[in-house]
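Visitor: Requesting a structural model of the entry that follows:
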Amino acid sequence: MSHPSIKIIHAEHQALAAMLSSISLMLAEQRRNGHVASARDFEVLRAMLFYIDEFPERLHHRQESDLLFPLMRARTNDADEALARLDRDHANGESAILKLEHALLAWEMLGSSRQPAFEAALERYLDFYRAHMRLEEDVILPLAEKVLTDDDWTKLDVAFAQHRDPLTGHAPPAEYEALFSRIVRLAPAPIGLG
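Guide: Numbering: from 1, shown residues only. This next block holds a predicted model:
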């Protein structure tokens with residue numbers, strides 16, 4: 001049986017993967033066409049990185065580390081090492097995205113000589129995040145389905161439903177409407193809202 005909170009986690013992972021893929025596609029197209037980044041390019045990249053900082057890093061990860069992982073630790077020791085790694089990832093994720101935002105700002109302010117540093121930082125972040133999501137989806141979530149109780153799932157389902165990522169088809173909170181409109185308007189495929 002798939003619980004609503006697991007569906008939410010999967011949907012939010014897909015939204016983030018799509019966002020990260022869009023950033024990579026933008027950079028690849030820019031290189032392929034030999035274009036210098038425009039003000040519009042920097043605007044959409046800033047908006048996309050801000051989204052990553054606000055939603056996956058600050059809300060999605062917090063829900064996993066504060067809610068899901070403690071419940072799992074209460075039910076089994078089978079995932080202690082994986083959960084510890086994921087908690088470290090969550091603790092370091094916000095710093096990693098801030099470094100990426102700084103690298104983008106350096107490219108924008110100081111010119112194309114800083115583009116390779118941004119692209120290298122982006123690749124590191126992509127590798128980090130792909131491995132992180134694989135561990136959650138291949139190890140943690142299947143184990144959670146085996147060990148968590150109905151009461152555990154009820155708590156998780158209620159909590160995860162409260163902060164839904166707008167890129168999974170839910171209306172953004174009012175303060176984020178302009179941000180999501182900007183991303184949808186400016187970002188290349190595969191970004192798409194439900």
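Visitor: CA atoms only: put stretch 76-95 into CSV for me.
Guide: Only the C-alpha atoms of stretch 76-95 are listed here, as CSV (Å, rounded to 0.1, in the frame of the first residue of the first chain):
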residue,chain,number,x,y,z
THR,A,76,14.0,-0.4,13.5
ASN,A,77,17.7,-0.1,13.6
ASP,A,78,18.1,-1.5,10.1
ALA,A,79,18.5,1.9,8.6
ASP,A,80,20.6,3.7,11.2
GLU,A,81,23.6,4.2,8.9
ALA,A,82,21.4,5.4,5.9
LEU,A,83,19.4,7.7,8.1
ALA,A,84,22.5,9.2,9.6
ARG,A,85,23.8,9.9,6.1
LEU,A,86,20.5,11.4,5.0
ASP,A,87,20.5,13.7,8.1
ARG,A,88,24.0,14.8,7.3
ASP,A,89,22.9,15.5,3.7
HIS,A,90,20.0,17.5,5.0
ALA,A,91,22.2,19.4,7.4
ASN,A,92,24.7,20.2,4.6
GLY,A,93,22.1,20.8,1.9
GLU,A,94,21.2,24.3,2.8
SER,A,95,24.9,25.3,2.8
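Visitor: neighbouring contacts of that stretch?
Guide: 53, 56-58, 61-62, 64-65, 69, 72-73, 128, 132, 135-136, 139-140, 143, 147 (CB atoms under 8 Å, 6 or more residues apart in numbering). All C-beta atoms are positioned from the backbone trio N, CA, C, and that covers glycine.
Visitor: List only buried entries from the residues you listed.
Guide: 53, 56-57, 61, 64-65, 69, 72, 132, 135-136, 139-140, 143 (16 or more other CB atoms under 10 Å).
Visitor: Lowest pLDDT pick from those?
Guide: Minimum pLDDT for the buried ones among the contacts of stretch 76-95 is recorded at residue 57 (71).
Visitor: quick one: that one and residue 13, what's the gap?
Guide: Using CB to CB, to the nearest Å, one gets 13 Å for the distance from residue 57 to residue 13.
Visitor: For this structure, identify the residue most remote from the centre.
Guide: residue 34 (28.8 Å; CA atoms, centre = their mean).
Visitor: if I look at that one, how far off is residue 112?
Guide: 12 Å.
Visitor: ditto for residue 52
Guide: 23 Å.
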